[in-house]
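Student: with the sequence up front, the predicted model follows.
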Amino acid sequence: MPSGIVYLVGAGPGDPGLITLRGVECLQRAQVVIYDYLANEQLLNHAPQDAERIYAGKIGGRHNQDQEEINRLLVEKALAGKIVIRLKGGDPFVFGRGGEECEALASAGVPFEVVPGVTAAVGAAAYAGIPLTHRDYTASVAFVTGQEGKGKDSSTVDWECLSSGIGTVVFYMGITTLRRNMQRMIDSGRSAQTPVALVRWATTPGQQVLTGTLADIADKAETAGFKPPAITIVGEVVNLRDQLRWFDNRPLSNRRIIVTRASDQAGDFSSMLAVRGATVLECPTIKLVEPYSWLELDSAIDKLMDYDWLVLTSSNAVRFFFERLGALGLDTRSLGKCKVCAVGPKTADAIMTYGIRPDLVPSDYRAEGIVAEFSHLGISGKNVLFPHVDRARDLIPQKLKEMGAHVSSPVAYRNVLPERLCPEAIFALEKRCVDCITFTSSSTVLNLSKVLDADLLADMLKGVAVASIGPATSRSCREIGLKVDIEPAEYTLSALTEAIEKHFATA
Ligand code: SAH
């Protein structure tokens, strides 16, 4: 039997982007993942589908008994020949009992590796805008457990040294013992006016920061009902937050936004919203699939050389068209002299990934814009290929035909309802904690109305800003009884993102 191994991997403090590359590599090879309460569950998506997932976390303090149980499990799985990932919040060796787990592995003769992680103090300081050290304020920093001394007669922390000898002091697990520890700092000689920050659920969209002084932070925390998990940063550097905070004052911080695009299309848009601070809930209302039959498209591809123009009105059309070309054993050379028109910059980018520079991108990024360009260019007698989604608007074929063009418009893909809507997004709507829902095509709107009845939808979206990418999508919104609050002048995802930002700046 191959010998197993245990990787103790630091998951970072919360933001799933804060795990190391090495940590992700380990997860990708996992056969068993044993993860904690503080490790972001999204990280489990890096592990293979069939990896065994074991939740070892306990809310609040962990007992020795549980720890022994975990140690036993690690040894047992590794001895069974498995690649075991022990995923731990923050860093495994900072108040994470990683040392004890390694001791257990070492005595059982199980090989292990330790992958460091961004510890909560470092993550929280960065995302709260509080440099832990700064040439003008402090040259030293200490990480201290706030639970120390609890139930013990004497403290092993040298409070005098901590209070007067260390510049910045960070307490872990110190919310329930906050009052006692702040008082100990004062009693041991630190000025009662020393600034303090509490950072809860650091680096996540739910991050909360409370600031005060050694003298008043405990009262403030009590009034605010401030709860764990949080760290406490004590020191002059806390004052820098006023100037350096960046995470929780971004234009869309604390906004929850639903993205209804198909899951393989949502990425770009979701990240544009996320970098502005929004919490994005992806709830695809469409799924793109192959046409019922390839016959029509294949016969058009067969005569590709005869076409003067290939018109593509979305990056999906681009993908399905070129993938089909490839599936037929052909490549872009089959286009010959056929020119290519893209509806807008995103579609043009998608075309360029296949090595083709579009010959035409209208200045108005809509079907209407394409029609207008062709009416200037003159298209009479030309052969136009327009591969499109099923049930698309027939504006382009109709208008180009009126101008005397020969248009064939095969279905290149279909747009269907996904099997189910994202439960997290529906739950958030029911809880009324969604600020905005975005629609980036008519079908994203119309599909939603197919699964939710009009009254229910209207009720669920009460108080939720409706953002639509352009007039055609807005029309569909109105058809199903929704009022559009946000619509950009330019029909692009970046313009839509900016319009959402502007809406909430004045909201
Ligand atoms: N190994 C972890 C610490 C585990 S001890 C690390 O390196 O970060 C648990 C304590 O860590 C909590 O009580 C809290 O004080 C702190 N902590 C962990 N994640 C946190 C987060 N996202 N925000 C604030 N504090 C956090």
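Tutor: Noted; the coordinates are in hand.

Student: quick one: Ala489 from His46, how far?
Tutor: Distance, Ala489 to His46, by CB to CB, to the nearest Å: 40 Å. C-beta: built from backbone N, CA, C; applies to glycine.

Student: what about those two, which has more around it?
Tutor: Taking neighbours as other CB atoms under 10 Å, Ala489 and His46 compare with His46 leading, 20 against 8.

Student: ok, that one touching Gln28?
Tutor: Yes: using CB atoms under 8 Å, His46 makes contact with Gln28 at a distance of 5.7 Å.

Student: bridged to Leu385, which residues?
Tutor: Here Leu385 sits in beta bridges with Leu310, Ser408, going by DSSP bridges.

Student: burial measure for it, as a count.
Tutor: Leu385 - counted by other CB under 10 Å - has 25 other residues nearby.

Student: does Thr119 touch Asp91 like I think?
Tutor: Yes: counting by CB under 8 Å, Thr119 touches Asp91, with 4.1 Å between them.

Student: which residues do these two both contact?
Tutor: Gly10 (CB atoms under 8 Å, 6 or more residues apart in numbering).

Student: the stretch 251-400 of the chain against the ligand: which residues are in contact?
Tutor: Counting by CB under 6 Å from any ligand atom, the stretch 251-400 of the chain comes close to the ligand at no residue.

Student: ok, now the chain?
Tutor: Neighbours of the ligand within the chain, by CB under 6 Å from any ligand atom: 13-14, 38, 88-91, 94-96, 119-120, 124, 172-173, 199-203, 228-231.

Student: can you pull out the strands in the stretch 351-500 of the chain?
Tutor: With DSSP state E, counting those that start in this stretch, the ranges of strands along the stretch 351-500 of the chain come out as 383-385, 388-389, 406-408, 411-416, 436-439, 465-468.

Student: please produce TSV containing those strands, extended by mean pLDDT.
Tutor: Formatted as TSV, these follow (pLDDT from 0 to 100):
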stretch	mean pLDDT
strand 383-385	97
strand 388-389	92
strand 406-408	96
strand 411-416	93
strand 436-439	97
strand 465-468	98
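
Student: and stretch 270-283, what's buried?
Tutor: 270, 272-274, 276-283 (16 or more other CB atoms under 10 Å).

Student: which of these lies closest to the ligand?
Tutor: When the buried residues of stretch 270-283 are ranked by distance to the ligand (CB to the nearest ligand atom), Thr279 comes first, at 15.2 Å.

Student: where does the stretch 151-300 of the chain dip in pLDDT?
Tutor: Residues of the stretch 151-300 of the chain meeting the criterion pLDDT under 70: 151-154.

Student: one more pass at 90, please.
Tutor: 151-157, 205-206, 254, 262-268 (pLDDT under 90).

Student: domain assignment for this protein?
Tutor: Following automatic domain parsing, one finds the domains of the chain at 5-118, 122-247, 256-286+418-505, 289-415.

Student: could you check how far the longest one is from the centre of its chain?
Tutor: Its chain's C-alpha centre lies 33 Å from the corresponding centre of domain 289-415 when counted by CA atoms, centre = their mean, to the nearest Å.

Student: end to end, how far does it reach?
Tutor: Using CA to CA, to the nearest Å, one end of domain 289-415 lies 6 Å from the other.

Student: would you mark the buried spots in stretch 71-84?
Tutor: Within stretch 71-84, the residues scored as buried using 16+ other CB under 10 Å are 71, 73-75, 77-78, 82-84.

Student: quickly name whichever of those is closest to Val318.
Tutor: Lowest distance from Val318 to these (CB to CB) belongs to Ile83, with 39.7 Å.

Student: do you know how far the closest residue to that closest one other than its chain neighbours is from the ligand?
Tutor: Excluding the flanking residues, the one nearest Ile83 by CB to CB, 6 or more residues apart in numbering is Gln31, at 4.7 Å. Using CB to the nearest ligand atom, to the nearest Å, Gln31 is found at 24 Å from the ligand.

Student: appreciated, that's everything.
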